[in-house]
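Undergrad: Can you look at this prediction? I've put the sequence above it.
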Amino acid sequence: MVALQPAWNRYVLPAESRSNETDSVQSLKLFSSSVVNTYEFVNPSPRRHHQRTSWNHWQLRDVVLCPSQKPELYSIYRCNVDKYDIQKQQSTRILGDLDFDPVSLAVGGDFVVVGGQRAELAVARLSDPCAPTVVRSGGSINNFVALDQSQPALPRRRFRDSAAFIEDGVTNLNIMNNSSSMPRLMACNNDHTVRLMSLPDLRLVTELKFPTAVNYAAISPDGTKMCVVGDSSDVFLFSKRGDDFEKIATLTASNDSSFSCDWNQGSQLFAVGSQDGYATVWDIRTQQKMVQLETFQHGRSRGACRNVKFSPSGSIDLLAFSEHTSYVNVVDTRSFEKRQILCASSTGNNALHSGGSGSGGGSAMNNAVQAAFSMADSPSLMSPDLQITGLRFASDSSALFVGLEESILEYSVDKIGRYSFSTSATI
């Protein structure tokens, strides 16, 4: 594994410094704010919930869900799915002793769906979880599951694209609500497909084919767009109306595979997390990169970006992205000029460092920042690596939940501070 570097405040480099990037990178800004030791977005002392979680695939780290306004979390632990009551601090086993290792989880309406590494899909009703239906969907790994609010399904379902996409294994699952009596399940596969299926019978409704294994897909909150990422640097954009999809663009994230993507609540911005340590944000209206943020630990080992999440409600305007181990980044999406670094701890409070937005295009580091941000000032840098299993905002954006193997951390968001704009700010 790559040794931990004591510098976190990086820059968004000009496009000229990255010869392998596309021309769209030229729109990126250069941020050079100095390190500021203030906590701007979340309380650095989390509430610790003693709910264990586990990752069953080393690259798939999205197994903690907060699917509704209710104060409850759903998570995977070994071969089980647990529901955790945040207020009562009590855990209830929803699905137990599955005969496969689950790697992805979706909860929506009355359904809970779990995906496995050998194309398994377990479907159960929350009202009667003792009788799950387990099938093999074909292909291989089911990487991710999530809830999405979609537009009503159309009677006609098809995939339109001038390019021929073909190939096999399930990766990403997404429960989609529509006006019909039952929701849809979206499954992204290693077999290069995204499948839309009805629930609870898992009847195939739509199948989209891609030139690479598919790791994750996200539907915009307004239900009209979809972003898809996989085992390449490509980012596939679609327009969506019900069950009808049309590919509108193929963009480039970084130089490695991507394992997460998400839309902001206004459906104008989307972010992609890549294995080489970058979170990239685009504006759908221009299809241009707004910013590319580098992880604190940098690179595809500890610093791989495994999860990206926008705050889903209110004028909170935050983007969080987690690294392979220990660190979570929280970014102000109003300007992308400030961020906070959370260092997860197995015991006690978590260290947090904040400052100007770091990141960018290359591996060069700011020597002045390294000197100012020394190991002596940051004892948390000497802490052992902690595996991050999931990342999720509460539905009202009041908290950020970070899954660890031994617990789930709850960071309260400074909503009052986020509702306050400077006198020069435009709302």
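TA: The structure has been received and is ready for your questions.
Undergrad: can we go C-alpha only for contacts and neighbour counts from here?
TA: Fine.
Undergrad: May I have the beta-bridge partners of the residue lying closest to residue 111 once chain neighbours are set aside?
TA: With sequence-adjacent residues excluded and distances taken as C-alpha to C-alpha, 6 or more residues apart in numbering, residue 111 is closest to residue 125, at 4.5 Å. Note on residue 125: beta-bridge partners residue 111, residue 128, judged by DSSP bridges.
Undergrad: I'd guessed residue 125 sits against residue 108; true?
TA: No - Residue 125 lies out of contact with residue 108 (C-alpha atoms under 8 Å); the separation is 9.7 Å.
Undergrad: What residues does the residue nearest to residue 111 make contact with?
TA: 110, 111, 112, 132 (C-alpha atoms under 8 Å, 6 or more residues apart in numbering).
Undergrad: The last one: which element?
TA: Using DSSP states H and E, residue 132 sits in strand 128-136.
Undergrad: Just the CA trace of that strand, in CSV.
TA: Extracted in CSV, the C-alpha atoms of strand 128-136 (Å, rounded to 0.1, in the frame of the first residue of the first chain):
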residue,chain,number,x,y,z
ASP,A,128,-42.5,-9.9,5.6
PRO,A,129,-38.7,-10.3,5.4
CYS,A,130,-38.7,-13.9,6.5
ALA,A,131,-39.5,-15.2,3.1
PRO,A,132,-37.0,-13.8,0.6
THR,A,133,-36.8,-14.9,-3.0
VAL,A,134,-33.3,-15.7,-4.1
VAL,A,135,-32.4,-16.0,-7.8
ARG,A,136,-29.4,-15.9,-10.0
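Undergrad: what residue ranges in the stretch 51-200 of the chain score low on pLDDT?
TA: Along the stretch 51-200 of the chain, segments meeting pLDDT under 70 span 138-139, 142-174, 177-182.
Undergrad: And the helices in it, which stretches?
TA: Here the stretch 51-200 of the chain has no helices by DSSP state H, counting those that start in this stretch.
Undergrad: Would you reformat the contacts of residue 125 as JSON lines and include neighbour count and distance to residue 326?
TA: JSON lines is the format used below for the contacts of residue 125 (neighbours: other C-alpha atoms under 10 Å; distance: C-alpha to C-alpha, whole Å):
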{"residue": "110", "neighbour count": "13", "distance to residue 326": "33"}
{"residue": "111", "neighbour count": "20", "distance to residue 326": "32"}
{"residue": "112", "neighbour count": "24", "distance to residue 326": "28"}
{"residue": "132", "neighbour count": "17", "distance to residue 326": "34"}
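Undergrad: can you tell me which of these lies nearest to residue 278?
TA: Minimum distance to residue 278 across those is 31.1 Å, recorded for residue 112 (C-alpha to C-alpha).
Undergrad: show me the contacts for that closest one.
TA: By C-alpha under 8 Å, 6+ apart, residue 112 lies in contact with 105, 106, 123, 124, 125, 126.
Undergrad: can you rerun that using 6 Å?
TA: Contact analysis of residue 112 by C-alpha atoms under 6 Å, 6 or more residues apart in numbering lists 106, 123, 124.
Undergrad: Can I get those in JSON lines including neighbour count?
TA: Compiled in JSON lines, the contacts of residue 112 are given as follows (neighbours: other C-alpha atoms under 10 Å):
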{"residue": "106", "neighbour count": "27"}
{"residue": "123", "neighbour count": "23"}
{"residue": "124", "neighbour count": "23"}
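Undergrad: And stretch 50-67, what's buried?
TA: 50-56, 59-67 (16 or more other C-alpha atoms under 10 Å).
Undergrad: Can you tell me how far the closest residue to residue 69 other than its chain neighbours is from residue 309?
TA: Leaving aside its chain neighbours, residue 69 sits nearest to residue 395 (5.8 Å; criterion: C-alpha to C-alpha, 6+ apart). Distance check for residue 395 against residue 309: by C-alpha to C-alpha, to the nearest Å, it reads 12 Å.
Undergrad: before we move on, back to that, and the two most separated of the buried residues of stretch 50-67?
TA: Pairwise over those, using C-alpha to C-alpha, the maximum falls at 50 and 59, 23.6 Å.
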